[in-house]
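Visitor: Kindly generate the corresponding structure for this input.
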Amino acid sequence: MSDLDLVNLNCSFTRLQYEDPHYPGTERDVIVVRGPTSFVKREAIFLHFSLEDETRDFFTVSYFVFPGYDAFNVSNEQGSKLVSYHRVVPTFALSSGLRMWIKLIMSEAMDNNTSRTEFRVEYGDKPLGVHPVEDNDESHGSNEGHANTGEGPDKNSVIAFNLADICFVKSLGLTTSAVPLRTVCTTSYSVVKFWDRRSAKQQKKHLFFIFFEWKNNIIEQSVLLYTTTPWSIGAGLCGVFLTIHRGFQLAQVAYRKFKKEKRRRTIRKQTLRELKQKQLEAEAASC
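Guide: Numbers count the residues shown, from 1 in each chain. Below you'll find the model as predicted:
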């Protein structure tokens, strides 16, 4: 962290436009930026851009996460990919004038011999060894900044953001997996207030500072096991048949008891009727 270069820019990005799937007719002018790539070395990046606008009182940056910068960068349907990501991925917001320290966590899930990579985003405390940047005219004039602390990429990730509509898009991912990646985000976060020491004239430019770092170099792994096999299906069918057979047996026993009880009541009624008839005949003979 102490070697973080905040002067020399090393930024790979792509400018795009697409229609917001949630607000038809609204065009989004976005910048897609490669995120931290070296996972093992816990690479960190710092993004800084400014926006000069006096039409509103509050300024925020919205962003969402999606994977695979290399595959996205060579794709001929980048706009449609962004639309599909924006449609299903949750969107979050950052405020201007606040320094955001965002922690990234990577996990791998095994599903039917297929590996799937997932990312979690946590908004944590200020990283050790990183100090605020002194404000000057040169830094204020830049629209975007990017500083890497990793030496070599061993994982591929992406970061993207939108300046025209004050919309920031952050995307992370791995291209080593051939299966679709699913992004998981948390909503809890903490921020550090930026102490603006600029003059009143310079403060017309609204500054955005975002720091991304890997929380650790540990990959969380989980395995999803499917227990459904032909044998388990056969066992389930056997259980169904046994249940039906047992129910049929219980119905048979209940029916036999009912018939036996009915026969007993019939015999009892017939016996009482015969006894009453005999008593009437005896009384008639005595008279």
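
Visitor: in the protein, which spans are helices?
Guide: For the chain, the helices defined by DSSP state H cover 69-73, 78-88, 137-141, 230-286.

Visitor: Mean neighbour count, mean pLDDT and distance to residue 215 added to the ones you listed, as CSV?
Guide: To be clear about C-beta, it is placed using only N, CA and C from the backbone, and glycine gets the same treatment. Formatted as CSV, the entries for these read as follows, by neighbours: other C-beta atoms under 10 Å; pLDDT from 0 to 100; distance: least, C-beta to C-beta, whole Å:
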stretch, mean neighbour count, mean pLDDT, distance to residue 215
helix 69-73, 19, 81, 20
helix 78-88, 16, 85, 23
helix 137-141, 11, 36, 27
helix 230-286, 10, 90, 39
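
Visitor: I figured residue 196 hits residue 203, correct?
Guide: Yes: Residue 196 is within contact range of residue 203, at 6.1 Å (criterion: C-beta atoms under 8 Å).

Visitor: coming back round to it: now render the helices of the chain as JSON lines, adding distance to residue 209.
Guide: As requested, those are arranged in JSON lines below (distance: least, C-beta to C-beta, whole Å):
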{"stretch": "helix 69-73", "distance to residue 209": "22"}
{"stretch": "helix 78-88", "distance to residue 209": "24"}
{"stretch": "helix 137-141", "distance to residue 209": "10"}
{"stretch": "helix 230-286", "distance to residue 209": "55"}
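
Visitor: biggest strand in the protein by residues?
Guide: Using DSSP state E to assign secondary structure, the strand with the most residues in the chain is strand 98-111.

Visitor: So in that sheet, which strands flank that strand, and in what orientation?
Guide: Using DSSP bridges, the strands paired with strand 98-111 in its sheet are strand 114-123 (antiparallel), strand 191-193 (antiparallel), strand 205-214 (parallel), strand 220-224 (parallel).

Visitor: lowest average confidence, helix or strand, in the protein?
Guide: Using mean pLDDT, DSSP states H and E, strand 182-183 stands out as the lowest-scoring helix or strand of the chain, at a mean of 31.

Visitor: so what are the domain limits for the protein?
Guide: Domains of the chain are assigned by automatic domain parsing as 13-224, 227-287.
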